[in-house]
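Undergrad: Make a model of this:
(2 chains)
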Amino acid sequence: EVRLVQSRAEVKKSGESLKISCKGSGYSFTSYWIAWVRQMPGKGLEWMGIIYPGDSNTRYSPSFQGQVTISADESISTAYLQWSSLKASDTAMYYCARPWWDLPSPLRSWGQGTLVTVSS
Amino acid sequence: QSALTQPASVSGSPRQSITISCTGTNSDVGSYNLVSWYQQHPGKAPKLIIYEVTKRPSGVSNRVSGSKSGNTASLTISGLQAEDEADYYCSSYASNDTLGVFGGGTKLTVL
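TA: Have a look, this model is predicted:
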């Protein structure tokens, strides 16, 4: 069974850095892309970016390019989403998700989400 | 503003059918049979319920179906049940966006 387990909720202040994680299990971690999706409070889903852990090939949505960094550590089957300087507008739920097959592909498996709250 | 347009809300009574539309362009919905639909209950992660316009993953009720005409995809849920009350999002591959695009979401209320 494919499983994605995300790190716990975070409460941070504006300007602080943060790295949240998504650990994959039940499949070959290096053989599938991992996507990050943002959901701001009461709003819809937004693609942030995607990484292929096998070669660290990373693609960002234009809205998030330069705002976040996506990375992965294949030795521990974990993908990361990080910010160097948080803003209040980064307050949101962040989901990692695994496409069903190679891109383009629907997102078949989802993590439980990591709530990030940033206070000003 | 989302790339794909969905109605903000739809409602229906138990045992009725509802349809949610998802309108894109000929750069996404209209050119590719790569439309997916996700169901999201409050406080939960999204769940894939339709892929490639019409296909259902195993375990998804056959009351759920998808279709497409031109630049508009549709999700139909028949025999509405209380458990269908949730938010629904469409998504499509897009030629000008390597990651694809989401719709703004539709809140389904079962009266």
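
Undergrad: Can you report how many residues lie near residue 23?
TA: You didn't pick a chain, so chain A it is. The tally of other residues near residue A:23 (other CB atoms under 10 Å in any protein chain shown) stands at 17. From N, CA and C alone the C-beta is placed, and that goes for glycine too.

Undergrad: actually it's chain B I care about, not the one you picked
TA: Residue B:23 has 17 neighbours, counted by other CB under 10 Å.

Undergrad: now swap in the one 4 residues further on and tell me
TA: Applying other CB under 10 Å, we find 17 residues neighbouring residue B:27.

Undergrad: Once you drop chain neighbours, what's closest to it?
TA: Using CB to CB, 6 or more residues apart in numbering or on different chains and skipping residues adjacent in sequence, the residue nearest residue B:27 is residue B:95, 5.0 Å away.

Undergrad: Double-check that neighbour against residue B:30; I have them as touching.
TA: No: using CB atoms under 8 Å, residue B:95 is not in contact with residue B:30, being 10.3 Å away.

Undergrad: what number of residues lie near the residue nearest to residue B:27?
TA: By other CB under 10 Å, 11 other residues sit near residue B:95.

Undergrad: That one: what's it in contact with?
TA: B:27-28, B:31-32 (CB atoms under 8 Å, 6 or more residues apart in numbering or on different chains).

Undergrad: Tell me the secondary structure at residue A:11.
TA: At residue A:11, secondary structure determined by DSSP: H, G, I helix; E, B strand; the rest coil is strand.

Undergrad: can you pick the most crowded of the contacts of residue B:95?
TA: residue B:28 (24 neighbours).

Undergrad: Report pLDDT for that residue.
TA: If you check residue B:28, the pLDDT there is 92.

Undergrad: what is the nearest residue to it once chain neighbours are set aside paired to in the beta sheet?
TA: Nearest in space to residue B:28, with sequence neighbours left out and distances taken as CB to CB, 6+ apart, is residue B:94 at 3.9 Å. As for beta bridges, residue B:94 partners with residue B:97 under DSSP bridges.

Undergrad: isn't residue B:94 right next to residue B:26, touching?
TA: No: checked against CB under 8 Å, the pair residue B:94 and residue B:26 is beyond contact range at 10.5 Å.

Undergrad: more crowded one of those two?
TA: Shown here are residue B:94 and residue B:26; by other CB under 10 Å, residue B:94 has more neighbours (21 against 11).

Undergrad: Let me see the contact set for residue B:92.
TA: With contact set as CB under 8 Å, 6+ apart, residue B:92 has these partners: B:4, B:22, B:24, B:28-29, B:32, B:34-36, B:73, B:100-101.

Undergrad: Mind checking which of those residues are in strands?
TA: B:22, B:35-36, B:73, B:100-101 (DSSP state E).

Undergrad: ok, residue A:80 - contacts?
TA: So residue A:80 contacts A:19-22, A:69-73 (CB under 8 Å, 6+ apart).
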